[in-house]
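1. below is the sequence, then the predicted model.
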Amino acid sequence: MTYRPTFRKQGDGSRCGWSNCNPASHAMASQRHRKGVDPGNHHGWPPMPSEIRNYMTPHSCAGTSLNQNDAAVTHLYGVDMLIRYNIPWASFTSLISSGRGAVVPILYRVIAPTRYDASPGFTGNHAIFVNERRASDGAFLVYDPLADGRRAGIPQGPQWWPSSLLKAAAYAYPGTNTSCVHASLTRDTEP
Amino acid sequence: MPAKKAAPSVKAPVAEHKAHAKEFLERPEHKVKPVGFPDEADETHEAKP
């Protein structure tokens, strides 16, 4: 069974929480990358969104990029993510099937009208962590850091998103070529 | 540079996906941030609690 990291919500009460989708997604990706093994340095473990955020922007809650988050988790946890742009969907599916997880930028407007919507009214850019693909129906196990079950109607924890939904939301992210997605990939953790 | 191969079928053995991943991740054209990719926008600036 594919290693599954601990779900981390972005609305955890820490500084910048509601703009911490990328740090929260990278916290989960880092735990997956290391299969839960503490690097044994002086930083915290398991990875937490607040530590990643504080390393990047200690005095503001500005937006962060995949590159900034990659640099942060490399420094904090020795996790070197592989950022790749405009990945054709078939190759993205193959990368996940090969044993890697991925932080994927999406446009939440696509998720908003579905039962997977974890922030009613929000339609902007977002980051999620994709842990694995289910062979039986092609669904992806998505860790949406907004999905904290904070009230009725909000999903809680990892959800199996239909392939078509993940694909549409990733395709819609700004600056993406037709039929492609962007992703920041963990190492291959599976035999 | 090795020849580019199409991604294997979703039903292909894991070994084929691992081989494709290894080859794909070396492709230089996917390492370059595209024009129009938001530098700082991949965040939920307006997520609603």
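-> Ah, there it is. Numbering: from 1, shown residues only, chains lettered A, B, ... in the order given.

2. what helix or strand does the residue in chain A sticking out farthest from the centre sit in?
-> In chain A, A:His42 marks the outermost C-alpha relative to the chain mean, sitting 24.5 Å out by C-alpha atoms, centre = their mean. According to DSSP states H and E, A:His42 maps onto no helix or strand at all.

3. what of A:Gln68?
-> helix A:66-77.

4. beyond that helix, next helix or strand please.
-> strand A:82-88.

5. gap between the nearest residue to A:Val73 once chain neighbours are set aside and B:Ala7?
-> Using C-beta to C-beta, 6 or more residues apart in numbering or on different chains and skipping residues adjacent in sequence, the residue nearest A:Val73 is A:Val79, 4.3 Å away. Quick note: C-beta positions are derived from backbone N, CA and C, even for glycine. Remark: distance between A:Val79 and B:Ala7 (C-beta to C-beta, to the nearest Å) = 25 Å.

6. over to A:Val104?
-> Separation of A:Val104 from B:Ala7 (C-beta to C-beta): 17 Å.

7. quick one, strands of chain A?
-> Taking DSSP state E as the criterion, chain A contains strands spanning A:82-88, A:102-107, A:125-133, A:140-143, A:159-161, A:180-185.

8. quick one: list the elements packing against the shortest one.
-> Under the contact definition 3 or more C-beta pairs under 8 Å, 6 or more residues apart in numbering or on different chains; DSSP states H and E, strand A:159-161 sits against strand A:140-143.

9. next up, the contacts around the residue nearest to the spatial centre of chain A.
-> Centroid check for chain A by C-alpha atoms, centre = their mean gives A:Phe129 as the closest residue, at 2.3 Å. A:Phe129 is in contact with A:5, A:25-26, A:28-29, A:32, A:101-104, A:142-143, A:145, counting by C-beta atoms under 8 Å, 6 or more residues apart in numbering or on different chains.

10. tabulate these in JSON lines, adding columns for distance to chain B and pLDDT.
-> Converted to JSON lines, the contacts of A:Phe129 look like this (distance: C-beta to the nearest C-beta, whole Å; pLDDT from 0 to 100):
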{"residue": "A:Pro5", "distance to chain B": "20", "pLDDT": "98"}
{"residue": "A:Ser25", "distance to chain B": "10", "pLDDT": "97"}
{"residue": "A:His26", "distance to chain B": "11", "pLDDT": "98"}
{"residue": "A:Met28", "distance to chain B": "15", "pLDDT": "98"}
{"residue": "A:Ala29", "distance to chain B": "14", "pLDDT": "98"}
{"residue": "A:Arg32", "distance to chain B": "15", "pLDDT": "98"}
{"residue": "A:Gly101", "distance to chain B": "12", "pLDDT": "98"}
{"residue": "A:Ala102", "distance to chain B": "11", "pLDDT": "98"}
{"residue": "A:Val103", "distance to chain B": "9", "pLDDT": "97"}
{"residue": "A:Val104", "distance to chain B": "10", "pLDDT": "96"}
{"residue": "A:Val142", "distance to chain B": "15", "pLDDT": "98"}
{"residue": "A:Tyr143", "distance to chain B": "14", "pLDDT": "98"}
{"residue": "A:Pro145", "distance to chain B": "8", "pLDDT": "95"}
